[in-house]
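**Q** I would like to see how this sequence folds:
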Amino acid sequence: MVKRKKLLEWELPPEPQACEAPGCQEAGDHRAPHSRDNISNYHWFCLEHVRQYNSTWNFFEGMDQEDIEKFQERDVFGHRPTWPLGFGPLSEKHNSMEEQINFFAFGGDNTNQHKNTNPFLKETKPKIRKALAALELDSETSVNEIKHRYKQLVKKYHPDLNGNDKKNEERLKNVNEAYAYLMTCNYR
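**A** Numbers count the residues shown, from 1 in each chain. Coordinates of the predicted model:
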């Protein structure tokens, strides 16, 4: 005997209902929105009547060309407000980019009590320091400085320039691993 899983409420088929067209006795299996302003409520029609309804229904009815174009522009973002980073409702309270990012990262609470509480940063901070040390750099280093230092060390420890010295090969391997780690861990 095969056990059937119990269907969730949203998985259940809709209750059978009659077509809403006057005088029709068919089942109303097809839905059609009431209006542009009431799009989540539906009429239920049979196939013939939903086709008639859809052929005459115009979402943009009553709107001029300018309104239609504005609607289509806002539809790209789901009709939600947008603004460039650094502007908008946060720009007056939180001036720096870091403050704005922290605002979202910590759920709107931008106090300093959350500084360095990100578990990712706690776990990786020693790893980042170790990788920077392998490149002979300190923690106040920019990404461009890391890239520049990496190029210098690759030239310095490359086996072709050092007569296949095993010590320098191992050093180059450590430099490559440190650089790869820093580039993938989103340092700064």
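**Q** so where's the longest helix in the chain?
**A** Determined from DSSP state H, the single longest helix within the chain is helix 166-184.
**Q** output the contacting helices and strands for it.
**A** Contacts defined by 3 or more C-beta pairs under 8 Å, 6 or more residues apart in numbering; DSSP states H and E place helix 166-184 against helix 119-134, helix 143-157. All C-beta spots, glycine's among them, are computed from the backbone N, C-alpha and C.
**Q** got JSON lines for those helices, with mean neighbour count and distance to Leu172 too?
**A** As requested, the helices and strands packed on helix 166-184 are exported to JSON lines (neighbours: other C-beta atoms under 10 Å; distance: least, C-beta to C-beta, whole Å):
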{"stretch": "helix 119-134", "mean neighbour count": "14", "distance to Leu172": "11"}
{"stretch": "helix 143-157", "mean neighbour count": "14", "distance to Leu172": "4"}
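**Q** so for Cys19, which of those helices sits nearest?
**A** Ranking the helices and strands packed on helix 166-184 by proximity to Cys19 (C-beta to C-beta) places helix 119-134 first, at 56.7 Å.
**Q** any chance you could map the strands in the chain?
**A** 30-33, 42-45 (DSSP state E).
**Q** and the last one, average pLDDT?
**A** So that's strand 42-45. When pLDDT is averaged along strand 42-45, the result is 89.
**Q** ok, now which ones touch the residue lying closest to Gln25 once chain neighbours are set aside?
**A** Computed as C-beta to C-beta, 6 or more residues apart in numbering, the closest residue to Gln25 that is not its neighbour in sequence is Ala18, at 7.0 Å. Taking C-beta atoms under 8 Å, 6 or more residues apart in numbering, we find Ala18 in contact with 24-28, 44.
**Q** so how far is Asn54 from Ala18?
**A** Per C-beta to C-beta, to the nearest Å, Ala18 is found 19 Å from Asn54.
**Q** on that earlier part again, out of the strands of the chain, which one sits most buried?
**A** Mean neighbours per residue, mean count of other C-beta atoms under 10 Å, is largest over the strands of the chain for strand 42-45, with a mean of 19.
**Q** other SSEs contacting that strand?
**A** strand 30-33.
**Q** list the helices and strands the strand it packs on packs on?
**A** strand 42-45, helix 47-56.
**Q** of those, which is nearest Tyr179?
**A** It's strand 42-45; of the helices and strands packed on strand 30-33, that one is closest to Tyr179 (C-beta to C-beta) at 58.2 Å.
**Q** dump the closest one to PDB, restricted to CA.
**A** Taking Å, rounded to 0.1, in the frame of the first residue of the first chain, the C-alpha atoms of strand 42-45 are listed here in PDB:
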ATOM      1  CA  TYR A  42     -10.700  37.300  -9.300                       C
ATOM      2  CA  HIS A  43     -13.700  36.400 -11.400                       C
ATOM      3  CA  TRP A  44     -14.100  32.700 -12.100                       C
ATOM      4  CA  PHE A  45     -15.200  31.800 -15.700                       C
END
